[in-house]
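1. With the sequence up front, the predicted model follows.
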Amino acid sequence: MPDFSSAAFHAATLYTGINLVLLVLLGLNVSLNRRGKQISVGDGGDDKVTGAVRAHGNLAEWAPLFLVGLVGASLMGIPAYAIHAVGGAFTVGRLLHAWGMLSTTGVSFGRFAGTLLTLISGLLLGLGLVVHSLT
């Protein structure tokens, strides 16, 4: 029986909650940008709206499977410190990426560092799930 009161499960739900709030805020940002530019669908060719759409979309693309994996890892008994390490890295990565997308249309530290943290944390989580499942 899964232990829903474990520190690991609580850590996983913490990062799920933070990323859900970030997703809602980024979606609201898209809506406000579109409304301000009177764009009903898409980005209307506006760089700022494009950045807002991609910041939101990128989180929506990466977060679901990562967070399912994080909850799964917590239910498999992976320690809370490991959940915090990969969940925290992923969340910081997503925050940096969103900041980079919203602050400039070109190459930025936020986009680079955010992407790198996302890829590393996703790879570590995925490998951890595979190894833990086979042992």
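-> The structure has been received and is ready for your questions. Numbers count the residues shown, from 1 in each chain.

2. okay, CA-based contacts and neighbour counts for the rest of this
-> Will do.

3. For this protein, just list every one of the helices.
-> Per DSSP state H, the chain carries helices over the ranges 7-37, 47-75, 80-103, 109-134.

4. Let me know which of those is tucked in deepest.
-> For the helices of the chain, average neighbour numbers computed from mean count of other CA atoms under 10 Å are highest in helix 80-103, which has a mean of 21.

5. What angle do helix 109-134 and it make with each other?
-> Here the directions of helix 80-103 and helix 109-134 differ by 150 degrees (axes from the mean of the first three to the mean of the last three CA atoms, to 10 degrees).

6. got the angle for helix 80-103 vs helix 47-75?
-> Using the same axes, to 10 degrees: helix 80-103 against helix 47-75 is 170 degrees.

7. ok so, going back, between the helices of the chain, which gets nearest to residue 1?
-> helix 47-75 (9.1 Å; CA to CA).

8. roughly how far out does the closest one sit from the chain middle?
-> In terms of CA atoms, centre = their mean, to the nearest Å, the centre of helix 47-75 is found 4 Å from the chain centre.

9. helices or strands up against it?
-> helix 7-37, helix 80-103, helix 109-134 (3 or more CA pairs under 8 Å, 6 or more residues apart in numbering; DSSP states H and E).

10. Show the average pLDDT along the shortest one.
-> What it means is helix 80-103. On average, the pLDDT along helix 80-103 is 97.

11. give me every residue that touches the closest residue to residue 125 other than its chain neighbours.
-> Distances taken as CA to CA, 6 or more residues apart in numbering place residue 86 nearest to residue 125, at 6.7 Å, with adjacent residues excluded. By CA atoms under 8 Å, 6 or more residues apart in numbering, the contact set of residue 86 is 121-122, 124-125.

12. What distance do you get for the spatially closest residue to residue 49 that is not a sequence neighbour to residue 64?
-> Leaving aside its sequence neighbours, residue 49 sits nearest to residue 43 (CA to CA, 6+ apart; 5.3 Å). For residue 43, the distance to residue 64 equals 24 Å [CA to CA, to the nearest Å].
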